[in-house]
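Asker: here is the input, now give the coordinates:
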Amino acid sequence: MGIIVFYEGNNATQNIVQTVEDAPGQDFRPVQNDAIRSARLFGVRPGCELRVYDSADGTTNDDFCIVNVKRSTPEYVVGTFERSYEDEYVIVSFIRNNGLDGQVSRIKVN
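Answerer: Model prediction:
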């Protein structure tokens with residue numbers, strides 16, 4: 001089972017806000033609202049889809065970001081949720097409204 005650690009600062013810096021396993025079917029509000037700016041993935045399974053939302057109910061009418069894990073790695077940093085990119089490990093898709101980093105109010109893991 002992989003682990004996802006959410007951080008207060010960009011590039012997985014500052015305080016850890018919350019840690020969850022990569023088990024599918026999760027849909028929750030973070031323990032601290034509007035605090036998360038980045039994540040570190042530890043051995044997260046290929047095919048895992050991590051979604052973070054500005055909207056507290058997980059709607060897509062505000063900023064959101066989808067992180068699709070392509071390949072597992074012992075450790076990977078998603079330094080910001082405000083940039084779309086792809087590399088050998090992940091595809092990150094950011095849909096902008098007015099900014100997401102530090103505004104995360106809902107998290108889904110599938």
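Asker: for residue 26, list each beta-bridge partner.
Answerer: Beta-bridge pairing for residue 26 (DSSP bridges): residue 109.
Asker: mind listing what's buried in stretch 97-110?
Answerer: For stretch 97-110, the neighbour count (16 or more other Cβ atoms under 10 Å) marks 100, 101, 102, 103, 104, 105, 106, 107, 108, 109 as buried. C-beta here means a position set from N, CA and C on the backbone, and glycine is covered the same way.
Asker: from the chain's centroid, how far away is that stretch?
Answerer: 8 Å (Cα atoms, centre = their mean, to the nearest Å).
Asker: I figured residue 99 was touching residue 63, is that so?
Answerer: Yes - judged on Cβ atoms under 8 Å, residue 99 makes contact with residue 63 at a distance of 6.3 Å.
Asker: mutual contacts of the two, please.
Answerer: Common contact partners of residue 99 and residue 63 (Cβ atoms under 8 Å, 6 or more residues apart in numbering): 54, 82.
Asker: among the buried residues of stretch 97-110, which two are most distant?
Answerer: 102 and 109 (20.2 Å; Cβ to Cβ).
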